[in-house]
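Participant: Model the following, please.
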Amino acid sequence: MPTWRDPEVAALQTAFVAQALPPDAPRPPWPERRLGIDAMGAMVPPPESVLIEAMELGGVPAEKIAPSNAAADRTIFYLHGGGYCVGGAASHRTLAARMAEQAQATAFVIDYRLAPEHPFPAAHDDALSAWRAMLALGRDPARTIIAGDSAGGGLSVACAVAARDAGLPLPAGLHLISPWANLTNVSPAYQAKAETDFIITQQGIDEFALNYLGAGDRRDPRASPLFADFAGLPPMLIQVGSEEVLMSDSVQLAERAGFALVDVTLRIWPDMVHIWPFFAMLSASGRAIAESTAWIKARAG
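Facilitator: Predicted coordinates:
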């Protein structure tokens, strides 16, 4: 195993390796995997100051997470990660609540439909429907950030592109954590970081892409927004770890945004792994959330 300068990341790797299945072992069924990520997300409870309410947005199940210190109309529209096959409000409740509390914002986390039961473009369509519904609630888009991690990071960009194309108001910004924005799963980081990324493997991410897209076009911008037209998109904050195979996705997203004259901030965090802000036991998680929520407050008024 690699040597980590951050002992907390080393401990996290030890925990992941202890639970990893051999590459040739049968994969657990999707319901079992979903329970696993939900349990991982629940290891640290949400802050006590938040009120969590089940609701629907455009027919999509969702949770409203309202901290006691939330500023009027400041909003985070959160799209969870999980390779489009696992994850949801249950797994990402604590992350969204920590962000909401520090940003003094109300967060909405949607449970978009998951593959393989609901393949592409189900997640994309649900995100856009929920965005329409949130606007209909009267939330001010100029005080709203669309945020997401991993698959949810890519979906955040795709949702903004779809909203622009539909003539809908756009958010004040996009906050992307380790975004999966290119489902061809081919980039320099897949080789350069294969030994250090203990969360994503080539086999694993290819399985997610296959179950979501099937034989569909992996360059379809609704699934791989790296290939979308970025013209007119709002400012972006991209946070990515230096030790993850999706680092190239973030670098290429920033470049595409720059070519389209989008205000983009790319932060590559040394020694960090995929979606490290999700892991509340890491000190670097808190530092990353402090960075992103300062940006959210500045952008969303």
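Participant: What distance do you get for residue 301 to residue 98?
Facilitator: 21 Å (C-beta to C-beta, to the nearest Å). Heads up, the C-betas are built off the backbone N, CA and C, glycines and all.
Participant: let me fix that: residue 273
Facilitator: From residue 273 to residue 98 the distance is 18 Å (C-beta to C-beta).
Participant: Looking at those two, which is more packed in?
Facilitator: Using other C-beta atoms under 10 Å, the more surrounded residue of residue 273 and residue 98 is residue 273, with 27 against 24.
Participant: Strands of the protein, start to end?
Facilitator: Remark: strands assigned in the chain by DSSP state E are 50-57, 60-67, 75-79, 106-110, 144-149, 173-177, 236-241, 264-269.
Participant: quick one: average pLDDT of the first one?
Facilitator: Which is strand 50-57. The pLDDT scores in strand 50-57 average 98.
Participant: Next, count neighbours for the residue nearest to residue 69 when sequence neighbours are not counted.
Facilitator: Among residues not flanking residue 69 along the chain, residue 104 sits closest, at 5.1 Å (C-beta to C-beta, 6 or more residues apart in numbering). Using other C-beta under 10 Å, residue 104 has 17 other residues around it.
Participant: Residue 104 and residue 74 touch, don't they?
Facilitator: Yes: using C-beta atoms under 8 Å, residue 104 is in contact with residue 74, at 6.2 Å.
Participant: what do these two both touch?
Facilitator: Counting by C-beta atoms under 8 Å, 6 or more residues apart in numbering, the common neighbours of residue 104 and residue 74 are residue 297.
Participant: just the helices in the stretch 201-301 of the chain please.
Facilitator: 202-213, 247-259, 283-299 (DSSP state H, counting those that start in this stretch).
Participant: among those, which is the most enclosed?
Facilitator: Highest mean neighbour count of the helices of the stretch 201-301 of the chain: helix 247-259, a mean of 20 (counted as mean count of other C-beta atoms under 10 Å).
Participant: Not counting that one itself, show me its contacts.
Facilitator: So helix 247-259 is in contact with 154, 157, 176, 178-182, 187-190, 193, 225-226, 230, 233, 236, 238, 240-241, 264, 266, 268, going by C-beta under 8 Å, 6+ apart.
Participant: If we use 7 Å, what do you get?
Facilitator: With C-beta atoms under 7 Å, 6 or more residues apart in numbering as the test, helix 247-259 has contacts from 179-182, 187-189, 193, 226, 230, 233, 236, 238, 240-241, 264, 266, 268.
Participant: How about stretch 200-220?
Facilitator: The contact list for stretch 200-220 (C-beta under 7 Å, 6+ apart) reads 23, 83-85, 115-116, 119-120, 183-185, 190, 194, 223-224, 227, 244-246, 274.
Participant: Over to stretch 9-24?
Facilitator: With contact meaning C-beta under 7 Å, 6+ apart, stretch 9-24 is reached by 1, 4, 198, 199, 203, 271, 273, 279, 282.
Participant: mind redoing it with 6 Å?
Facilitator: For stretch 9-24, contacts defined as C-beta atoms under 6 Å, 6 or more residues apart in numbering pick out 4, 198.
Participant: same question for it, mean pLDDT?
Facilitator: When pLDDT is averaged over stretch 9-24, the result is 91.
Participant: List the buried residues in that stretch.
Facilitator: Counting neighbours by 16 or more other C-beta atoms under 10 Å, one finds that the buried residues in stretch 9-24 are 9, 12, 13.
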